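Student: Got a predicted structure here, sequence first:
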Amino acid sequence: MNSFNRKIQLLILIFLIVFVITSCNNSGSSDKNIIILTSDNFDQTINKGVVLVDFWATWCKPCQIQGPIVADLAGQYKNKLMVGKIDIDQNRDLAGSYNIQSIPTLIIFVDGKPVETLVGLRSKEAIEEIINKYLKK
């Protein structure tokens, strides 16, 4: 192998390493305002204030689109609203408790009570409108 090919391979390797490191750093930072909910912490998390809960699954394409929207909302409303995510495959009991039949499903809780359910992919603006309705009360 000549030195030109080795240089190209080295550049490609460096590019891939930088890409992987950048991807890992970006994915973690957008979700820092989201609480991962399970059966163990669900009730205490939704018990007080306004809480947006995203019922989702890793294999769900619309959930993958909804995820960054939910992460943006978590950052935007971080001092006014708690945001949690529930993987329905890992928490079937919770999904069953709230009759989740399609995902993504967003449920807004106020002081532990579900007040609004949004089934299917929603725009950020549509979710904001509903969140703002409950934050003003």
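Tutor: Perfect, I can see it now.
Student: hey, let's count contacts and neighbours off CA atoms from now on
Tutor: Will do.
Student: residue ranges of the helices in this structure, please?
Tutor: Shown for the chain, the helices assigned by DSSP state H span residues 3-30, 42-46, 61-76, 92-97, 124-135.
Student: Got the domain ranges for this structure?
Tutor: As assigned by automatic domain parsing, the chain contains the domains 1-30, 31-135.
Student: highest average neighbour count across those?
Tutor: Comparing those by mean neighbour count (mean count of other CA atoms under 10 Å), domain 31-135 comes out on top with a mean of 17.
Student: ok now that one, how far from the chain's centre?
Tutor: Distance, stretch centre to chain centre, for domain 31-135: 8 Å (CA atoms, centre = their mean, to the nearest Å).
Student: mean confidence for it?
Tutor: Across domain 31-135, pLDDT averages out at 94.
Student: The closest residue to residue 94 other than its chain neighbours and residue 101: what is the separation?
Tutor: Nearest non-adjacent residue to residue 94, counting by CA to CA, 6 or more residues apart in numbering: residue 39, 6.7 Å away. Counting by CA to CA, to the nearest Å, the gap from residue 39 to residue 101 is 18 Å.
Student: quick one on the thing from earlier: reformat the helices of the chain as CSV; add distance to residue 53.
Tutor: CSV is the format used below for those (distance: least, CA to CA, whole Å):
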stretch, distance to residue 53
helix 3-30, 16
helix 42-46, 9
helix 61-76, 9
helix 92-97, 11
helix 124-135, 12
